[in-house]
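1. Mind folding the following:
(2 chains)
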2 protein chains.
Amino acid sequence: MTTMPNSVFDPSLDLELRREVDVPPQLVWRAWTEPELLKQWFTPAPWKTTECELDLRPGGKFRTVMQGPEGEEHDSTGCVLFVIPQKLLVFTDALGPGYRPNASAFMSASVEITPTATGTLYVARALHKDAEAKQQHEEMGFHQGWATALDQLVALVKRL
Amino acid sequence: MTTMPNSVFDPSLDLELRREVDVPPQLVWRAWTEPELLKQWFTPAPWKTTECELDLRPGGKFRTVMQGPEGEEHDSTGCVLFVIPQKLLVFTDALGPGYRPNASAFMSASVEITPTATGTLYVARALHKDAEAKQQHEEMGFHQGWATALDQLVALVKRL
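-> From the prediction side, this is the model:
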C-alpha cells in the first residue's frame, strides 16, 4: 500500500494544511466520511454545504453542493481515488463517478490522519496542475478556508 | 472490490472493443503490464510506441511515447487508477502520477481480461467526458486502431 500523493507533493504547485488537533482520529475520519457530519463542518460560514454524497471506494462518487450567503450554489461532483480506512482519503474533481473525465479539473486532494499522543495529526493537501492553479487557490482563500473548516470539524466532533 | 468503470459505461459517451482471443489471459496481462512487451504491440503500424513507463499501482505513472511515420511524436503521461492483477487495469490521462490533475483530459480506459474455455475475453473501454469527445475518438479511428493493436498483441504473445 502506498500513499502516492505524498510522493509527488511539490510546494511550488501544491498547498497543505498541517495541524495537530486534540480530537481522536476515529472522529476525524467519521467527520470526513459520513455525509450528514461532513455537511456540518465542510464549508466556512457563512457558506453552507447543503448536499453531500460519498461512495467511499475507488471510483465512487463524491459530490458536494455549497451554498453562499446570497443563495449562490457551487455543485461539484468528483471521484474517490484511494482509501485507507481511518487513515487516508484521496479524491479529485478531474474525474467523476466511475473515473469518467470531468469537463474541467481544479484539484486532487488528500486527507491524511495520524494518531498522536494527544489527538490527531491532520494533513490536508491540494494538488494542482500548475503554479497558476495553485496561486488561484491561494487567492480564493485556501489557507484561511481550510483552517476554518478544520476548526468547525473539531468543534463538531467534540459534541458527538 | 469493484470494477467501477463498468458500472458507468454509457454507449452514448463511451467506446468498447470486445473480442474473444485464442491466447491465455496471463499472456494478455503480461503484454499490457510489461513495458518492453507493450511497446511491441500498443500502436497500430506504421506508428510505433518508442517509450513506455508503467508503475502498476494506484497513483502510478503510465507514460507512452508514440511516433508516427513522419517522425511526429505523441507523448502522454497518465495515471494508473485501479488494478486487479491478471484481470483489470484502469488508467486515465486526466491525471498524472500521484493523481495530480493534467492540463487536459481525453479519456479514462479500462482493460478487462476474463478466462474462457479456449482463451481470453478481452474488453477494452474508453470513457469520455461528453458525446463530442466520444465522436472525436471514433473519427480518430478508435475501432480500427484498437482492433489492430489487439491483433498485434495476439501475434506477439503467440511468439513468447
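2. Contact residues of chain A facing chain B?
-> A:2, A:4-5, A:7-9, A:13, A:57-60, A:81-82, A:90, A:92, A:94-95, A:97-103, A:105-108, A:110, A:127-130, A:133 (CB under 8 Å from any CB of the partner chain). (Glycine included, C-beta is placed from N, CA and C.)
3. could you flag which of these are buried?
-> Neighbour-count burial (16 or more other CB atoms under 10 Å in any protein chain shown) applied to these gives A:4-5, A:8-9, A:13, A:58-60, A:81-82, A:90, A:92, A:94-95, A:97-102, A:105-108, A:110, A:127-129, A:133.
4. Filter these down to just the ones in strands.
-> Among those, DSSP state E puts A:L81, A:F82, A:V90, A:T92, A:S108, A:S110, A:L127 in strands.
5. residues contacting A:G68?
-> Contact analysis of A:G68 by CB atoms under 8 Å, 6 or more residues apart in numbering or on different chains lists A:P46, A:W47, A:H74.
6. and if we set it to 10 Å?
-> A:T43, A:P46, A:W47, A:K48, A:H74 (CB atoms under 10 Å, 6 or more residues apart in numbering or on different chains).
7. next one: A:C79
-> Counted by CB under 10 Å, 6+ apart, A:C79 has contacts A:55, A:58-63, A:90-102, A:108, B:4, B:81, B:92, B:94-95, B:108.
8. ok, now with 6 Å
-> A:T92, A:L95, A:G96 (CB atoms under 6 Å, 6 or more residues apart in numbering or on different chains).
9. Dump those to TSV, plus pLDDT.
-> Conversion of those to TSV gives the following (pLDDT from 0 to 100):
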residue	pLDDT
A:T92	98
A:L95	98
A:G96	97
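10. Quick check: which helices or strands does the helix ranked longest in chain A pack against?
-> What stands out as the longest helix in chain A, according to DSSP state H, is helix A:142-158. Using 3 or more CB pairs under 6 Å, 6 or more residues apart in numbering or on different chains; DSSP states H and E as the contact test, the elements touching helix A:142-158 are strand A:15-21, helix A:25-33, helix A:35-41.
11. mind redoing it with 10 Å?
-> If contacts are counted by 3 or more CB pairs under 10 Å, 6 or more residues apart in numbering or on different chains; DSSP states H and E, helix A:142-158 sits against strand A:15-21, helix A:25-33, helix A:35-41, strand A:120-127, helix A:131-139.
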